[in-house]
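got a predicted structure plus its sequence, pasted below:
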Amino acid sequence: MDKKKILIVDDDARNIFALSAVLRARSFECMSCLSAEEALKILKSDEKIDCILIDMMMPDMDGYEAIPLIKQIPDRKKTLVISVTAQAMVGDREKCLEAGADGYISKPVNVDRLLELLKNI
């Protein structure tokens, strides 16, 4: 069976490093980028990405703007998109889901909860 490939989109390299380490230890393949703009380019060219973990607060384009654009890419409508946020304010989960995310997790990331969200890819 092929390893599942996850694209981590976060403007903080420390978050990418931490998430990648956790996921690679559990046999996921990880790619990363520091902006939503770069993520959109990657998603248009790499068909093998099974899931996207996207930070909701980034300077160039936030996750609320990026997720609908991701879902408009041909063959990405069914790609699992999980929003990752440090804010964890009341209503954030609903706002993320309304933007098109398939799941929501807050920072610091609970690894067991993340793995639960990833079990369907």
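Arrived safely.

D75 versus the residue positioned nearest the centre of the chain, what's the distance?
Within the chain, the residue whose C-alpha comes closest to the C-alpha centroid is L53; the distance, by C-alpha atoms, centre = their mean, is 1.2 Å. Plainly put, L53 is 19 Å away from D75 if you go by C-beta to C-beta, to the nearest Å. Placement of C-beta: from N, CA and C, glycine included.

which parts of the helix or strand where R113 lies are buried?
When secondary structure is defined by DSSP states H and E, R113 falls within helix 111-118. Of the residues in helix 111-118, those scored as buried under the neighbour-count criterion (16 or more other C-beta atoms under 10 Å) are L114, L117, L118.

now the residues you listed in TSV, with distance to K107 and pLDDT?
Output for those, formatted as TSV (distance: C-beta to C-beta, whole Å; pLDDT from 0 to 100):
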residue	distance to K107	pLDDT
L114	11	96
L117	14	94
L118	16	95
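
how far does stretch 12-28 sit from its chain's centre?
Between the centre of stretch 12-28 and the centre of its chain there are 12 Å (C-alpha atoms, centre = their mean, to the nearest Å).

same question, stretch 43-62
Here stretch 43-62 shows a centroid-to-chain-centroid distance of 6 Å under the convention C-alpha atoms, centre = their mean.
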